[in-house]
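Undergrad: quick one, what's the 3D model for this:
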Amino acid sequence: MVDTATADELATADDPPTLGKAARNVAFALIAGGMLLAALDSTIMATALPTIVGDLGGGEHMTWVVTAYLLTQTIATVLAGKFGDLFGRKSIFILSIIVFVVASALAGAAQNMPWLIGMRAVQGLGGGGLTVTATAMIGDIIPLRDRGKYQGALGAVFGVTTVLGPLLGGLFTDHLSWRWVFYINVPVAAVILVLSFRLLPSTKAVARPVIDYLGIAFVSAGSGALILATSWGGTQYAWGSATIIGLFVASVVLLAIFVMVELRASDPVLPMRLFRGNVFSISSVLSFIVGFALLGAMTFLPTYLQYCQGVSATVSGVRTFPMVIGLLIASISAGNVVSTTGRYKPFPIVGAVVMGVGLFLLSRLDANSSTLTSSVAMFVLGVGIGLAMQVLTIIVQNTADYRDLGVATSGVTFFRTMGSSFGSSVFGAIYANQLASHLGKAVASSGADPKLVTTPDGVRGLPAAQHSSVVGAYADSLQTVFSYAIPVAGVALVVALFLKQVPLRGLSQSGAADVGQGFAIPDQRTSQEQLEGQFVRILKTDFPAVAPRLLREAGSGMDAVQMWIVRQVAIYQHQAEGGVADPVVIAGTKRMPVGVIQPAIDDATQAGLIAAAEGGLVLTDQGRTAFRAVIRAILTWVRQQIERENEAPLTDAELEQLRRIARRLALHEEEQISDPVAAARSLAAGSS
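TA: Numbering: from 1, shown residues only. Model (predicted):
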């Protein structure tokens with residue numbers, strides 16, 4: 001009997017839209033463009049900040065230009081993932097671009113520091129939406145087998161911004177205006193917006209997600225109050241003032257309420273059960289410290305270079321490359337070693353020591369330090385950060401339950417972002433407090449014009465005697481900033497010593513060398529998406545060696561060629577509107593004339609596996625039974641591999657996820673071309 005229905009229970013309703021390779025790459029380019037815009041705006045400000053402060057004033061609020069963006073970006077990252085599930089990711093991606101481009105235009109037009117900080121906060125909302133939606137949309141448009149390499153490319157885009165940001169900020173500041181740091185986003189985002197409307201595929205929203213609004217509100221308010229206290233303490237208000245004490249008390253109360261809310265929430269933004277494990281708790285603290293050191297250094301190194309070394313904004317961006325190079329080398333090397341050996345504990349320990357050495361070297365820099373000396377100090381700090389940075393996400397993924405993989409990974413990213421915010425605000429408060437004292441004395445003793453000493457250009461133009469005194473004030477202030485950061489590395493060392501070493505799971509180990517993880521690319525993949533990654537990796541690396549054995553053990557009676565053609569017919573029955581597979585289409589996707597696959601069709605027909613039907617081919621009942629038997633054998637083998645790697649049995653829910661993944665892989669062709677029928681007929685005509 002011939003069954004002309006599609007592959008019934010093998011079919012799945014949540015396949016991504018089928019795109020040709022060209023359309024897929026265009027969609028990915030748009031997604032990567034959105035990611036680039038958002039990630040770039042967290043690093044491009046560093047080299048422009050000294051000039052912005054000189055133009056707008058409000059130096060005591062300088063770090064809030066960075067902190068405001070990070071805080072709202074973190075909030076938006078949590079909300080955008082949920083809203084994308086609710087309203088469709090394309091809609092949230094486009095809305096995020098609109099918010100981002102409007103805020104960029106208004107930030108470029110800022111006339112004072114509060115205006116700029118406010119627009120940076122709005123920018124962060126758009127940037128967070130772009131970042132998390134971009135990573136999620138990969139799953140909407142990229143076939144499962146190719147998803148890993150596209151996610152890796154997206155991670156590389158995220159990492160490149162660490163290099164490009166300071167350089168571009170300096171170029172715009174020197175050759176146009178600091179306002180172009182923001183204005184440049186407008187035409188680029190406008191192009192991405194127009195093309196996204198037309199070219200990005202729409203996907204249906206899934207079931208209504210549960211959004212932990214209370215948790216998001218309380219953690220945001222508590223973190224904001226704590227950052228305000230550390231930013232204002234000792235500068236705008238005395239540490240013992242009612243305002244600062246009130247902010248600290250409010251922060252403690254709000255964060256305590258957050259913990260209580262999370263204990264009762266049905267889908268908490270940060271499940272408290274994660275903190276029961278040593279590895280997540282230790283990794284979160286280390287991630288906080290890494291963020292603290294990284295962004296704190298990135299914010300103030302250009303200030304040192306422009307004021308104390310007298311270089312331009314562009315050159316200051318270039319001169320920070322040693323730190324980024326050190327970070328990249330250490331991060332990628334650590335990831336590769338972890339991937340090979342499975343040992344990760346030494347890296348945070350050594351990283352903390354090297355980070356402390358780097359901060360000590362930075363604290364010794366002054367106006368007379370050579371380029372080589374400052375470059376070595378920055379390189380050492382970068383190596384220290386990189387050694388710890390890459391492995392933290394891997395460590396957490398290694399120990400979290402599958403149900404918590406996404407939220408645990410995003411939790412580590414959250415703590416790193418919070419660390420960056422605190423690093424910026426704490427370093428900023430120390431810097432503002434020290435500079436007010438040192439610079440006041442320098443101006444009084446040298447007679448320098450107070451209006452000239454606040455900008456790099458003004459300082460460079462001072463007479464020699466005044467210049468030496470003013471530069472010394474900046475150098476002393478920055479030395480104090482980096483000196484105060486050294487104990488933070490000491491805390492990281494002590495914390496890292498308590499980190500447990502456990503065997504790496506296959507999923508975590510396979511992603512250890514991914515540069516995107518080193519730069520904390522937001523990862524809010526669900527447990528199913530994490531399981532997909534492990535499934536696909538096993539198929540690519542281990543399956544070819546055991547495929548003949550599994551085919552025999554399935555008892556289907558098929559050989560490899562018969563299995564291939566049966567699967568092709570099943571795929572195109574599933575995809576075709578009439579439930580019939582056209583051999584011309586099958587051949588077209590393989591870029592070959594239909595005559596090449598005709599012997600395989602004839603053999604499978606003779607074996608009773610497929611049969612001719614009006615318009616093409618269909619599976620027979622015998623073919624369908626044989627196909628299912630092979631898929632079941634493969635699924636059983638993959639399950640065994642996953643449970644062996646994870647050293648734990650899969651739950652019933654995870655087994656159902658595994659079956660759904662198997663259905664998608666069984667009935668989704670690896671590669672599509674835009675017009676397979678035309679291509680196949682063209683090839684057939686050419687061969688004749």
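
Undergrad: list the buried residues for the host helix or strand of Ile634?
TA: When elements are assigned from DSSP states H and E, Ile634 belongs to helix 621-646. Residues of helix 621-646 classed as buried: 622-624, 626-631, 633-635, 637-639, 641-642, 645-646 (neighbour count, 16 or more other Cβ atoms under 10 Å). (Glycine included, C-beta is placed from N, CA and C.)

Undergrad: same thing with stretch 90-108?
TA: So, applying 16+ other Cβ under 10 Å, buried residues of stretch 90-108: 90-97, 99-104, 106-108.

Undergrad: the strands in this protein, which residues?
TA: 610-613, 616-619 (DSSP state E).

Undergrad: right, so of those strands, which gets closest to Ile257?
TA: Nearest to Ile257, of all these, is strand 616-619, at 58.6 Å by Cβ to Cβ.

Undergrad: let me see the mean pLDDT of that closest one.
TA: When pLDDT is averaged over strand 616-619, the result is 82.

Undergrad: pLDDT weak spots in the stretch 351-500 of the chain?
TA: 390, 397-407, 409 (pLDDT under 70).

Undergrad: my error: substitute the stretch 501-650 of the chain in the last question.
TA: Across the stretch 501-650 of the chain (using pLDDT under 70), the flagged ranges come out as 503-530, 533, 575-579, 645-648.

Undergrad: what's the offset of the longest helix anywhere in the chain from the middle of its chain?
TA: If you go by DSSP state H, the chain has its longest helix at helix 405-446. Helix 405-446 sits 23 Å away from the centroid of its parent chain (Cα atoms, centre = their mean, to the nearest Å).

Undergrad: same question, stretch 93-111
TA: On Cα atoms, centre = their mean, the centre of stretch 93-111 falls 21 Å from that of its chain.

Undergrad: and what of stretch 564-577?
TA: 36 Å.

Undergrad: what pLDDT does Gly224 get?
TA: At Gly224, the pLDDT value in this model is 76.

Undergrad: what sits against the residue found closest to it once you drop the neighbours it is linked to in the chain?
TA: Using Cβ to Cβ, 6 or more residues apart in numbering and skipping the chain neighbours, the partner closest in space to Gly224 is Leu71 (6.4 Å). Contact analysis of Leu71 by Cβ atoms under 8 Å, 6 or more residues apart in numbering lists 121, 124, 220, 223-224, 227, 421.

Undergrad: and the closest residue to Trp637 other than its chain neighbours, how far is that from His175?
TA: Take Trp637 and drop its neighbours on the chain: the residue closest to it by Cβ to Cβ, 6+ apart is Leu550, 5.8 Å away. Taking Cβ to Cβ, to the nearest Å as the criterion, Leu550 is separated from His175 by 62 Å.

Undergrad: ditto for Gly124
TA: 27 Å.

Undergrad: Ile631 now?
TA: 60 Å.

Undergrad: one more: Gly215?
TA: Taken as Cβ to Cβ, the span from Gly215 to His175 is 45 Å.

Undergrad: more neighbours: those two, which one.
TA: Shown here are Gly215 and His175; by other Cβ atoms under 10 Å, Gly215 has more neighbours (23 against 11).

Undergrad: looking at that one now. What's its pLDDT?
TA: Reading off the model, Gly215 has pLDDT 80.

Undergrad: residues in contact with the residue nearest to Trp637?
TA: Contacts of Leu550 (Cβ under 8 Å, 6+ apart): 630, 633-634, 637.

Undergrad: can you pull the contacts of Val471?
TA: So Val471 contacts 307-308, 310, 367, 459 (Cβ under 8 Å, 6+ apart).

Undergrad: what about 6 Å?
TA: Val471 sits next to 308, 367 when contact means Cβ atoms under 6 Å, 6 or more residues apart in numbering.

Undergrad: over to the one 3 residues further on?
TA: Contacts for Tyr474 were tallied using Cβ under 6 Å, 6+ apart; they are 307-308.

Undergrad: distance of it from Leu193?
TA: 42 Å.

Undergrad: over to Gly108?
TA: 17 Å.

Undergrad: now swap in Ile282 and tell me
TA: Ile282 is 42 Å from Leu193, by Cβ to Cβ.

Undergrad: neighbour count: these two, which is higher?
TA: Between Ile282 and Leu193, Ile282 has the larger neighbour count (other Cβ under 10 Å), namely 20 against 17.

Undergrad: can you pull the contacts of the more buried one?
TA: Ile282 touches 495, 498-499, counting by Cβ under 6 Å, 6+ apart.

Undergrad: top of those residues by neighbour count?
TA: Busiest of the contacts of Ile282 [other Cβ under 10 Å] is Leu499, holding 23 neighbours.

Undergrad: backbone dihedrals for it, both of them.
TA: The phi and psi values for Leu499, taken as degrees, to the nearest 10, are phi -70, psi 130.

Undergrad: look up how far Val101 lies from the residue lying closest to it once chain neighbours are set aside.
TA: Counting by Cβ to Cβ, 6+ apart, Ile282 is the residue found nearest to Leu499 once chain neighbours are left out, at 4.6 Å. If you measure Ile282 against Val101 using Cβ to Cβ, the figure is 40 Å.

Undergrad: and for Gly118?
TA: Separation of Gly118 from Val101 (Cβ to Cβ): 16 Å.

Undergrad: what's the answer for Pro114, then?
TA: In terms of Cβ to Cβ, Pro114 sits 21 Å off from Val101.

Undergrad: run the chain-centre distance for the helix holding Ile634.
TA: Worked out by Cα atoms, centre = their mean, helix 621-646 lies 33 Å from the chain centre.

Undergrad: closest to Arg198 among the contacts of Leu550?
TA: Using Cβ to Cβ, the contacts of Leu550 come closest to Arg198 at Ile634, 39.3 Å.

Undergrad: so who does the closest one touch?
TA: So Ile634 contacts Leu550 (Cβ under 6 Å, 6+ apart).

Undergrad: run the last query once more with 10 Å
TA: 539, 543, 546-547, 550-551, 554, 662, 665-666 (Cβ atoms under 10 Å, 6 or more residues apart in numbering).

Undergrad: same list (those) but as JSON lines, adding distance to Thr393.
TA: Output for the contacts of Ile634, formatted as JSON lines (distance: Cβ to Cβ, whole Å):
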{"residue": "Leu539", "distance to Thr393": "24"}
{"residue": "Phe543", "distance to Thr393": "27"}
{"residue": "Val546", "distance to Thr393": "31"}
{"residue": "Ala547", "distance to Thr393": "32"}
{"residue": "Leu550", "distance to Thr393": "33"}
{"residue": "Leu551", "distance to Thr393": "37"}
{"residue": "Ala554", "distance to Thr393": "38"}
{"residue": "Ala662", "distance to Thr393": "27"}
{"residue": "Leu665", "distance to Thr393": "26"}
{"residue": "Ala666", "distance to Thr393": "31"}
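
Undergrad: of those residues, which pair is most distant in space?
TA: Longest span within these, Cβ to Cβ: Val546 and Ala666, 17.0 Å.

Undergrad: neighbour count winner among these two?
TA: Ala666 (21 against 13).

Undergrad: I figured the more buried one hits Arg628, correct?
TA: Yes. Counting by Cβ atoms under 10 Å, Ala666 touches Arg628, with 9.2 Å between them.

Undergrad: number of nearby residues for the residue nearest to Leu164 when sequence neighbours are not counted?
TA: Closest residue to Leu164 apart from its sequence neighbours, by Cβ to Cβ, 6+ apart: Leu40 at 6.6 Å. When neighbours are counted by other Cβ under 10 Å, Leu40 registers 24.
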